[in-house]
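[1] Provided below are the primary sequence and the corresponding predicted coordinates.
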Amino acid sequence: MTEKGNISPTDELQLQFYRNTGNQEVLGELYNKYMHLVYGLCLKYLKNRDDAQDAVMSIYEQLSEKLLTTEVQHFKSWLYMVSKNHCLMQLRKKNPEVHTEVFMESGEEMHLNNEKMELEKDLTALEACIEELKEEQRHCVKLFFLDKKSYQQVNEETGLDMKKVKSHIQNGKRNLKMCLESKHVNR
């Protein structure tokens with residue numbers, strides 16, 4: 001399933017399409033985007049390639065049923081939790097006395113690292129969008145938002161009329177929002 005211009009659809013659209021149709025090809029396409037992450041997580045917990053590969057397949061089978069009945073807002077985060085829980089259950093089956101506190105702690109670290117990478121990507125997109133603004137908008141936006149200057153201070157520093165300063169900041173903010181949305185930054 002692809003949109004016009006061969007741009008891949010968002011996870012949410014693919015999830016909705018899968019829920020409406022039960023089309024396994026769409027689910028496979030969605031899962032395939034994150035399968036390497038699921039495998040890495042399973043390998044980390046299970047410490048065995050064969051067990052990790054089996055887990056990846058089992059998780060996919062679970063998804064086809066769970067996604068028909070579960071409302072999922074953020075697929076990637078939800079898939080991470082489902083995969084982690086699956087691995088912990090596998091470990092408990094093998095050894096009921098296994099302590100999972102260590103795994104939970106390292107799982108939180110991994111989640112924080114993923115968030116940090118996402119934030120870094122978003123900041124890079126923001127910088128690029130700022131540079132795409134018109135000269136006066138860019139200058140006013142940087143002074144107002146990045147340098148934390150007041151409208152009056154921006155007015156004094158740029159020599160622009162106060163109405164122009166406010167207009168450049170408001171239009172710059174709107175243009176940044178549209179630019180970030182086009183780069184799929186939704187924070």
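    Alright, I've got the coordinates.

[2] How is the protein divided into domains?
    1-98, 120-187 (automatic domain parsing).

[3] low-confidence ranges in this structure?
    1-9, 96-117, 119, 186-187 (pLDDT under 70).

[4] ok, which stretches of this protein are helices?
    11-21, 24-46, 49-69, 75-94, 101-132, 135-141, 151-158, 162-182 (DSSP state H).

[5] Run the chain-centre distance for the last one.
    When C-alpha coordinates are averaged (C-alpha atoms, centre = their mean, to the nearest Å), helix 162-182 and its chain have centres 25 Å apart.

[6] what's it in contact with?
    122, 125-126, 128-130, 132-134, 136-141, 144, 151-152, 154-155, 158, 160, 186 (C-beta atoms under 8 Å, 6 or more residues apart in numbering). For glycine as for every other residue, the C-beta is placed from the backbone atoms N, C-alpha and C.

[7] one more time with 10 Å
    122, 125-126, 128-145, 150-161, 185-187 (C-beta atoms under 10 Å, 6 or more residues apart in numbering).

[8] In ChimeraX, how would I select the buried members of those?
    Buried residues among the contacts of helix 162-182 (16 or more other C-beta atoms under 10 Å), as a ChimeraX selection:
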select :122,125,126,129,130,133,136,137,138,139,140,141,143,144,154,155,158,160,185
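
[9] out of the helices of the chain, deepest packed?
    helix 135-141 (a mean of 19; mean count of other C-beta atoms under 10 Å).

[10] Just the C-alpha atoms of it, please, in PDB.
    Written as PDB, here are the backbone C-alpha positions of helix 135-141 (Å, rounded to 0.1, in the frame of the first residue of the first chain):
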ATOM      1  CA  GLU A 135      15.700  36.400   5.700                       C
ATOM      2  CA  GLU A 136      13.600  38.800   7.900                       C
ATOM      3  CA  GLN A 137      11.400  36.000   9.300                       C
ATOM      4  CA  ARG A 138      14.500  33.900  10.100                       C
ATOM      5  CA  HIS A 139      16.200  36.800  11.900                       C
ATOM      6  CA  CYS A 140      13.100  37.700  13.900                       C
ATOM      7  CA  VAL A 141      12.300  34.100  14.800                       C
END
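
[11] separation between residue 156 and residue 162?
    The gap separating residue 156 from residue 162 is 10 Å, by C-beta to C-beta, to the nearest Å.

[12] What of residue 13?
    Residue 13 is 44 Å from residue 162, by C-beta to C-beta.

[13] likewise residue 145?
    Going from residue 145 to residue 162 by C-beta to C-beta gives 17 Å.
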